[in-house]
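Chemist: Generate coordinates for the sequence data below:
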Amino acid sequence: MPDAPAPEEKLSYRLITGPDTREFCERISAALDEGYVLHGSPAATFNGSSVIVAQAVVLPSAIASADAAVATAVDELDGEFEGEFDGEGHA
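Modeler: You can find the predicted model right below:
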């Protein structure tokens with residue numbers, strides 16, 4: 001018996017765009033229901049006939065992963081330059 005296909009993995013980041021309609025708001029609401037959180041402010045533009053909006057959404061695990069990666073990189077840099085800076089950015 002063949003293996004069942006793996007469920008599609010959620011993207012860590014999505015930029016949802018479209019006309020500023022109820023359907024767009026429903027798409028954002030659905031993403032929030034799926035566990036995404038808003039990332040940044042929405043954007044809007046006018047294309048000559050209608051308002052087009054965009055909203056980025058991310059999974060909280062992606063934020064935690066990125067924060068951990070930044071913290072690790074900072075710790076590594078601190079170790080490389082220990083004692084070389086005075087805390088004010090001066091050597």
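Chemist: can you give me the helices for the chain?
Modeler: Under the criterion DSSP state H, the chain carries helices at the ranges 22-33, 60-80.
Chemist: Any idea which of the ones you listed gets closest to residue 14?
Modeler: Nearest to residue 14 among these is helix 22-33; the distance by Cβ to Cβ comes to 6.6 Å. To be clear about C-beta, it is placed using only N, CA and C from the backbone, and glycine gets the same treatment.
Chemist: okay, the helices of the chain, which one's buried deepest?
Modeler: Sort these by mean neighbour count, taking mean count of other Cβ atoms under 10 Å, and helix 22-33 sits at the top with a mean of 13.
Chemist: Report the helix or strand with the lowest average pLDDT across the protein.
Modeler: When the helices and strands of the chain are scored by mean pLDDT, DSSP states H and E, helix 60-80 comes last with a mean of 77.
Chemist: re earlier: figure out which of the helices of the chain is closest to residue 50.
Modeler: helix 22-33 (11.0 Å).
Chemist: Dump that closest one to PDB, restricted to CA.
Modeler: Presented in PDB, the C-alpha positions along helix 22-33 are these (Å, rounded to 0.1, in the frame of the first residue of the first chain):
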ATOM      1  CA  ARG A  22     -14.700  41.600   3.000                       C
ATOM      2  CA  GLU A  23     -13.100  38.600   1.200                       C
ATOM      3  CA  PHE A  24      -9.600  39.900   2.000                       C
ATOM      4  CA  CYS A  25     -10.500  40.400   5.700                       C
ATOM      5  CA  GLU A  26     -11.800  36.800   5.700                       C
ATOM      6  CA  ARG A  27      -8.500  35.600   4.300                       C
ATOM      7  CA  ILE A  28      -6.600  37.400   7.000                       C
ATOM      8  CA  SER A  29      -9.100  36.000   9.700                       C
ATOM      9  CA  ALA A  30      -8.600  32.500   8.300                       C
ATOM     10  CA  ALA A  31      -4.800  32.800   8.600                       C
ATOM     11  CA  LEU A  32      -5.100  34.000  12.200                       C
ATOM     12  CA  ASP A  33      -7.400  31.000  12.800                       C
END
